[in-house]
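Q: fold the following and give me the result.
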Amino acid sequence: MNFTKAELKAETSFSASRSGGKGGQNVNKVSSKVELLFSVNNSLLFTEEEKTRLNEKLKSRFNKDGLVQIICDEERSQYLNREKALDRLIHLLIDSLHVQKVRKPSKVSKAAKLARLKTKRLNALKKETRKNNFEN
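A: Numbers count the residues shown, from 1 in each chain. Below is the predicted model:
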């Protein structure tokens, strides 16, 4: 991770609105729902290579303006919802930037091959003796 939470917070924009659902009077009065918007392409925190990787991995998360949009309305306070939305963005970016290790195909060892052939032979022998017992 080559960015801090403060740097990321400076590049994001927040908007607040009234949250729906249960909550009674608090929901009707307080704008606690937070919508976080982040532009990957305009960010100064990432290299061009990282931006292309992020664009590729997060293409399903972009809104019509090409911004990553995260909505959080779980908490009763706007501050906590802002922090949760920012944490989600951080996890999303870290997961998207993670490069998976290339798997090197391995061969079956000689001992494993011999063990498999030995059990095959034993099973064949077992079935062969059953066949001989049936014929008598």
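Q: how about residue 68, what does it touch?
A: Counting by C-beta atoms under 8 Å, 6 or more residues apart in numbering, residue 68 touches 37-40, 58, 61-62, 89, 92. All C-beta atoms are positioned from the backbone trio N, CA, C, and that covers glycine.
Q: who does it form a beta bridge with?
A: residue 38, residue 62 (DSSP bridges).
Q: which pLDDT value belongs to it?
A: pLDDT, residue 68: 90.
Q: one more: residue 20?
A: At residue 20, the pLDDT recorded in the model is 69.
Q: and what of residue 101?
A: 90.
Q: centre-most residue in the protein?
A: Nearest to the mean C-alpha position of the chain, by C-alpha atoms, centre = their mean, lies residue 95 at 5.4 Å.
Q: please enumerate the strands of this protein.
A: For the chain, the strands defined by DSSP state E cover 12-17, 33-38, 68-72.
Q: and the helices in the protein?
A: 5-11, 25-29, 48-57, 78-97, 110-135 (DSSP state H).
Q: so for the shortest one, mean pLDDT?
A: Rounded to a whole number, the mean pLDDT of helix 25-29 is 68.
Q: returning to what we had before: buried among the contacts of residue 68? Need that as a selection in ChimeraX.
A: Entered in ChimeraX, the line below selects the buried ones among these, by 16 or more other C-beta atoms under 10 Å:
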select :37,38,40,58,61,89,92
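Q: nice, that's everything, thank you.
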